[in-house]
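S.K.: Next come a sequence and a model predicted from it.
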Amino acid sequence: MPAVRPLSIIESLRARIESIERRGRHARSVLAFGIAAMDARLPGGGLARGAVHEIVGGGPGAADGAAAALFAAGIAARAGGKVLWCLTRPDLFAPALAQAGLSPERVIYVQGGEEKTVLACAEEGLRHGGLGAVVAEITRLPMTASRRLQLAAEESTTLGLVLRRWWRRDEVAECGQPNAAETRWQISVLSSAPLPVPGVGRPRWRVALTRARAAEQADFELEACDDAGRLAVPAALGDRPVAQTGGRRSTAA
Amino acid sequence: MVLAVDATAAAAGLHAGMPVAQARALVPGLLIEKADPAADAAALDRLAVWAMRHYAPIAAADPPAGVIIDTTGADHLHGGETAMLVGMLARLGAAGLAARAAIADSWGAAHALARYAARPITITPPGATAEAIAPLPLAALRLSPALVAGLQTLGFVCIADLMAQPRAPLARRFGPELLCRLDQALGRLAEPISPAYPPDPIAVHRHFPEPIATPEAIAAAIAALVRPLCALLEAKGLGACRLDLICHRVDRAAQAIRIGVTRPLRDAKRLTRLLSDAIETIDPGFGIERLSLAATCAEIFEAKQHVSALIENTAPDVSDLIDRLVNRLGEDRVYRAEPVATDVPERCLRRIPPLAPETGATWPAAWPRPARLLTPPERVETLALLPDHPPVSFTWRGVRRRVACADGPERVFGEWWKRDAELAAVRDYFRIEDEAGERFWIFRAGDGENAATGSQNWFLHGIFA
């Protein structure tokens, strides 16, 4: 097989870069999505623990970030351990998190009020190391702040999730700014799975990996979290390659 | 002589200062208690210690009948200044004490406003002290009765009259006391509060030969104080629930840091860390000459045996993280959600402390709930077939959306045992999806037929993922 040799060279180079970047810190574990097509596209085969991942809403309804919040909840549910959820506004509805597999006794809410406080609390939570995941809902994530979060996360194996939210038109542009997060996901809602009877089927999302260190962009059409926080490939798509538009790079509007 | 009268006696025409014989003559069968100034003072001290335990580390008795508290940085832990004072008066009232309270920039102003302002609760915004105390009578300034009488003879009625006068003649005529009290009330002259101590303090003190001011020096001093305090706690078998660090500055002002922990603790490292987090809130001024560290609230410390199993995976302890967050933000802003057995969505959870015991309760999984809940629900204009069809289209925030598919209704009845208005109230919830794939939770107030069940208007209550 001629394709194997160059791939292995790239792999070994990646491993070397990784070891240089991490300067001998413990090897990172990953949290797999359990969807082969997704995990294959992520370095290490899943979301890296001890790193910060950014999640933004996309498409219509992006401002509410309901899908982005539930995507984060699903990841946090599967990450295990306690979860610190830092809020700026208390509009998150806990029963929905429970239905995504994140039981109420696992979530500790911190109502930070202003962004600075939320960032500080999230950093504190990441640095502590005893938590499974830390979720921070913020509007602005400048390079310095994201770098701080990333460094704090690297000290432990806690999964850092940053949920970007905005309330004014001029804040939308902020979400496109570069930062030090490991990956960036854009979650937009799609029409639910069609049912043979009247009713709303299982919700579907377009999950786009719009930026990732050491990985390419990818785009997936998935069914939303079930009661254990797992995503699924829609049945109709299960047997064919997942749609992929490599060049998509859009900010939510 | 009569020293104090209660409300009934005052209504009968008695007042403090009248001879006992005259009072007896006015009200036959009058109940007279002998004055016990020592017991009064002791009770006031106990009250000051209570205030110190409950509200802020720097509190002291303000004889004959007051308590002064330095609430700087303490109000947010009690839900703001107004909520703190309302709660304080309610607690004192429950204990049978009629009280009045005021917050102002200086001891003198707070003293005057608490006693002479019209309302029982007065809160003066920073910098507005002069206007607030101007209309109060002269006695509010803590002057001796003779001085007040002398001023009244000359036609001074309220504090505004004094503030309008040139200072030099006043000082010459009435001596230094008058201007000193006036300046103290206006905050021009510092008036340090020497904090009350509980009768059996668990406290350590440290004097510095040279005043310290740098954060590093303060941190080192804190570390050196925490160790002996932990030893004291250990000797008593206690763990600290709250620590007060009081910094006595060179200019005799006192500054305080209060930290609380969720479980009794005597781990020197963690306590030092918690105290050090708050160093930036200290203003050392010209330097700190003495530090006092006291465990003002201590409970029995239960020693736990750590299971040392290499295989077993124990849940990591996050109580130290929670302590740090609580000390930074306040108790009500770090919480867990606990399910409440009710069908009304906005009432179905309650905030509980983050380390409350885990009950394993959760919400029913059968009914989908939105990830974001709007409070209050937002009114939407709809086109819907009554009584039990979901809308065909609706307009929310100026955007008209056509409904592609819908689920429902899920009927929620009002809780008549909570509010009379909910006696017949009904909400019909629908989960709907528009043509773009956005999913919403909307409800109709009322059952669509009977006007008694609600206004029949539609509201958007949540957004599904």
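M.R.: Noted; the coordinates are in hand.

S.K.: Give me the local confidence score for B:Asp36.
M.R.: In the prediction, the pLDDT value recorded for B:Asp36 is 86.

S.K.: Please report phi then psi for it.
M.R.: phi -130, psi 80 (degrees, to the nearest 10).

S.K.: list the contacts for it?
M.R.: Contacts here follow C-beta atoms under 8 Å, 6 or more residues apart in numbering or on different chains; on that basis B:Asp36 touches nothing. Just so you know, the C-beta spots here come from the backbone N, C-alpha and C atoms, and that holds for glycine as well.

S.K.: Give the burial count for A:Glu221, as a bare number.
M.R.: 16 (other C-beta atoms under 10 Å in any protein chain shown).

S.K.: Kindly report the same for B:Leu386.
M.R.: Around B:Leu386 there are 11 other residues, counting by other C-beta under 10 Å.

S.K.: Okay, it and B:Tyr429: tell me how far apart.
M.R.: Separation of B:Leu386 from B:Tyr429 (C-beta to C-beta, to the nearest Å) stands at 16 Å.

S.K.: for the stretch 151-253 of chain A, what spans make up the strands?
M.R.: For the stretch 151-253 of chain A, the strands defined by DSSP state E, counting those that start in this stretch occupy A:159-164, A:183-190, A:204-212, A:218-223.

S.K.: and chain B, which of those is closest to it?
M.R.: Counting by C-beta to the nearest C-beta, chain B lies closest to strand A:183-190 out of the strands of the stretch 151-253 of chain A; the figure is 4.6 Å.

S.K.: And A:Val189, what's its pLDDT?
M.R.: On pLDDT, A:Val189 comes in at 90.

S.K.: give me every residue that touches the residue lying closest to it once chain neighbours are set aside.
M.R.: In this structure, A:Val189 finds its nearest non-sequential neighbour in B:Gly437, 4.6 Å apart by C-beta to C-beta, 6 or more residues apart in numbering or on different chains. Applying C-beta under 8 Å, 6+ apart, we find B:Gly437 in contact with A:59-60, A:189-192, A:204.

S.K.: If you rank the residues you listed by neighbours, which is first?
M.R.: A:Val189 (29 neighbours).

S.K.: and it, bridged to which residues?
M.R.: Note on A:Val189: beta-bridge partners by DSSP bridges are A:Trp205.

S.K.: my guess is it meets A:Ala68, correct?
M.R.: No. In this structure, A:Val189 is not within contact of A:Ala68 by C-beta atoms under 8 Å, at 9.9 Å.

S.K.: For the lengthiest strand in chain B, list every residue counted as buried.
M.R.: What stands out as the longest strand in chain B, according to DSSP state E, is strand B:399-413. Buried positions in strand B:399-413, judged by neighbour count with 16 or more other C-beta atoms under 10 Å in any protein chain shown: B:401, B:403-410, B:412.

S.K.: can you tell me which two in these are farthest apart?
M.R.: Using C-beta to C-beta, the pair of the buried residues of strand B:399-413 lying farthest apart is B:Ala404 and B:Val412, separated by 24.1 Å.

S.K.: which residue sits closest to the residue sitting nearest the centre point of chain B, ignoring its sequence neighbours?
M.R.: In chain B, the residue lying closest to the centroid (C-alpha atoms, centre = their mean) is B:His78, at 1.8 Å. Using C-beta to C-beta, 6+ apart and skipping residues adjacent in sequence, the residue nearest B:His78 is B:Met84, 3.8 Å away.

S.K.: Now the element after the helix or strand containing that neighbour, going C-ward?
M.R.: Assigned by DSSP states H and E, B:Met84 belongs to helix B:81-94. With elements assigned by DSSP H and E, the helix or strand that comes after helix B:81-94 is strand B:101-103.

S.K.: Give the next helix or strand downstream of that following strand.
M.R.: Next along from strand B:101-103, by DSSP H and E: helix B:107-116.

S.K.: What lies in contact with that next one?
M.R.: Residues outside helix B:107-116 that contact it (C-beta under 8 Å, 6+ apart): B:62, B:66, B:68, B:100-104, B:122, B:124, B:129, B:132-133, B:136-137, B:139-142, B:159, B:181, B:184-187, B:191, B:193.

S.K.: From these, which land in strands?
M.R.: Reading strands off the contacts of helix B:107-116 with DSSP E, I get B:62, B:66, B:68, B:101-103, B:122.

S.K.: Which one of those is nearest to chain A?
M.R.: Taking C-beta to the nearest C-beta as the measure, chain A sits nearest to B:Ile103 out of the ones in strands among the contacts of helix B:107-116, at 22.1 Å.

S.K.: which residues does the closest one bridge with?
M.R.: Going by DSSP bridges, B:Ile103 forms beta bridges with B:Ile123.

S.K.: Also B:Asp428?
M.R.: Per DSSP bridges, the residues bridged to B:Asp428 are B:Arg411, B:Arg444.

S.K.: shaky segments in chain A?
M.R.: Low-confidence segments of chain A (pLDDT under 70): A:1-7, A:22-27, A:60-63, A:236-253.

S.K.: Start from the N-terminal end of it and give the helices.
M.R.: Here chain A has its helices, by DSSP state H, at A:4-22, A:36-39, A:66-79, A:94-99, A:115-128, A:143-154.

S.K.: swap in chain B?
M.R.: Going by DSSP H, chain B shows helices at B:7-11, B:20-26, B:37-54, B:81-94, B:107-116, B:129-133, B:145-153, B:159-163, B:167-174, B:176-186, B:215-236, B:268-277, B:319-329.
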